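Participant: Task: produce atomic coordinates for the following.
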Amino acid sequence: MRQDIRRRRLSIAAGLVYVVAVTGCAGAPERPTLDEAAKLLIADGDKLLASQDLAATGAATATERAGQDSEVGCLKGQAQRFYRAQGDLKGPPYVQSPSNAAGLMASGLGLRGYDTIVDNLDLRDENLGMAVLQHPTTGITFLITVRNEQKPNIMIVGKTSCYEPSR
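Facilitator: Next comes the predicted model:
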């Protein structure tokens, strides 16, 4: 009887060691370089601008597409890149709900693997809709802001994490 208990414990311990070893070998996904992250940022930003989620409530165009390094917000010797877009809601003022519009665009990014960090429930403002989303493996962050009171109504800012500058 004791022999069986020892064998079971040994089998369980061996199984756990195997699982830990296999999981350790898999490791975390490798972080992209600044140039790779900028390409992903542009691709995701362009998909957002071309999405039905945005078209349902308004339209926006890119004003900056991660073309140059920026040291703002980074440690000395590091840089990041930005994607910026702006546009307006469809129809007369106050027809579209800013929180619904921001939530709709955020859901499209959510389907592409982005996690919501901040959303409309954190603000509770009927004239302002906002969502902040971040991709867990690439570190790319998007801020979506939709407002009724002034134009442009829609502002989208995406950014990479801070990296050593590209050479």
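Participant: Next, the contact list for the residue most central in space within the chain, please.
Facilitator: What sits nearest the mean C-alpha location of the chain, by Cα atoms, centre = their mean, is residue 134, with 2.9 Å. For residue 134, the contact set (Cβ atoms under 8 Å, 6 or more residues apart in numbering) comprises 114, 115, 117, 140, 141, 142. Using the backbone N, CA and C atoms, a C-beta is placed for each residue, glycine as well.
Participant: ok, the second one - contacts?
Facilitator: With contacts defined as Cβ under 8 Å, 6+ apart, the neighbours of residue 115 are 133, 134, 135, 136.
Participant: Please tell me which one of those counts the most neighbours.
Facilitator: residue 133 (25 neighbours; other Cβ atoms under 10 Å).
Participant: Strand partners (parallel or antiparallel) of the helix or strand hosting it?
Facilitator: According to DSSP states H and E, residue 133 maps onto strand 128-134. Sheet pairing of strand 128-134 (DSSP bridges) gives strand 115-118 (antiparallel), strand 141-147 (antiparallel).
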